[in-house]
Every structure is written in C-alpha cells, then in structure tokens.
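Asker: The amino acid sequence is not available; the structure is as follows:
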C-alpha cells in the first residue's frame, strides 16, 4: 500500500500544480485581454501612445497580479492602418511546473477609428482654359470632410468655393 501511495501522491501533486498553473495563466490572459481592450479604445479616442501605455500598465497593476509580473510587459500599438488600430500585449509566464521555458501569455484587440472629419481643406487645382484660348487656370478648391457612418473613413467633397484664382488664358 505504501508503494502505491508513493506513486499516486506525487502524481496528484503534479496534477494539482498543473491545474493551478492553468488557472493562473487563464487569469493572466483575461487581465491582458481586458487591458488590450481598454488600450485600443484609448487609441481610437485619439490619446497619445505614451498615455495609452501608462493607462494599460495602471490597469494591469490594479488587477492585483503583482507589479513584478509587469516588468517585462511588451505593449505594441499599431495605428498604421487608415481605419483600424490594434494593441498587442505579451508577458512572460512562469508557472509552478517549469515544463517549458519562455512561455508567454498574450492578448490582442483591434477597433475601427471613429470618423471625425476635419472641417475643410484647400486643394490646388489647375485646368485648361476654355476652348479657343491658350494658358491655364489655377486656384485652390475647398473640400469638406464627410463621414458616411461613425466608423467609416472620412471622405472629401467639393464645396464649389474657390480662392487664389490665377488665369493665364489668352485668345489664341
């Protein structure tokens, strides 16, 4: 019987430690996902990257997993797309059972930018003179920003207003 216990007890202890590691890794991933979701909302709102990173770190420290766990936190903020932003978080995980070295837990979130078009812009335009005349007509045309929906990319529409008109047209 003692031989049987000598085999079973260590196996049970290993199973319990593995279960605890899975629970801890799952909790860490949930915390990272919540922080990534928060971070991408801040990016879409237009907050600077440094402010967004500070808010992500503060949110994770408030999660109560220990400040030492966040020393090696990797935060990647990508705003290179015109319509979407993404935030990726990754942190090393050390469990009770060192089964694999370099285990990392990560989370990612992405969101569309809210459409907030600029009021107007001026675009340089040049066109040919009317038929029978030589030269060019140059001017600045006003365009107004327009959003088809709150999550669409802004587009521009001509208002018909011109300024700085210069005409070099002459009869040919």
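Answerer: All right, it came through fine. A quick note: this is a predicted structure, and the numbers were derived from the prediction, not measured.
Asker: which residues in this protein form strands?
Answerer: 74-78, 84-92, 104-112, 120-128, 133-134, 136-146, 155-167, 170-171 (DSSP state E).
Asker: Single out the most deeply packed of these.
Answerer: strand 84-92 (a mean of 20; mean count of other C-beta atoms under 10 Å). Where you see a C-beta, it was placed from the backbone N, CA and C, and this is true even at glycine.
Asker: what's the average pLDDT for that strand?
Answerer: For strand 84-92, mean pLDDT is 89.
Asker: Stretch 24-36 too?
Answerer: 88.
Asker: chain center to that stretch: distance?
Answerer: Chain-centre distance of stretch 24-36: 17 Å, with C-alpha atoms, centre = their mean, to the nearest Å.
Asker: quick one: buried residues of that stretch?
Answerer: Within stretch 24-36, the residues that count as buried by 16 or more other C-beta atoms under 10 Å are 24, 28-29, 31-36.
Asker: Tell me which of the strands of the chain lies nearest to residue 52.
Answerer: strand 74-78 (6.3 Å; C-beta to C-beta).
Asker: Other residues contacting the closest one?
Answerer: With contacts defined as C-beta atoms under 8 Å, 6 or more residues apart in numbering, strand 74-78 is touched by 39, 43, 49, 52-53, 56-57, 85-91.
Asker: Skipping its backbone neighbours, what lies nearest residue 34 in space?
Answerer: Nearest residue to residue 34 in three dimensions, chain neighbours excluded: residue 59, at 7.1 Å (C-beta to C-beta, 6 or more residues apart in numbering).
Asker: Repeat that for residue 17.
Answerer: Of all residues not flanking residue 17 in the chain, residue 96 sits nearest, at 4.4 Å (C-beta to C-beta, 6+ apart).
Asker: Pull up the gap between the one you found and residue 157, please.
Answerer: According to C-beta to C-beta, to the nearest Å, residue 96 and residue 157 sit 62 Å apart.
Asker: Check residue 23 too.
Answerer: Residue 23 is 55 Å from residue 157, where distance means C-beta to C-beta.
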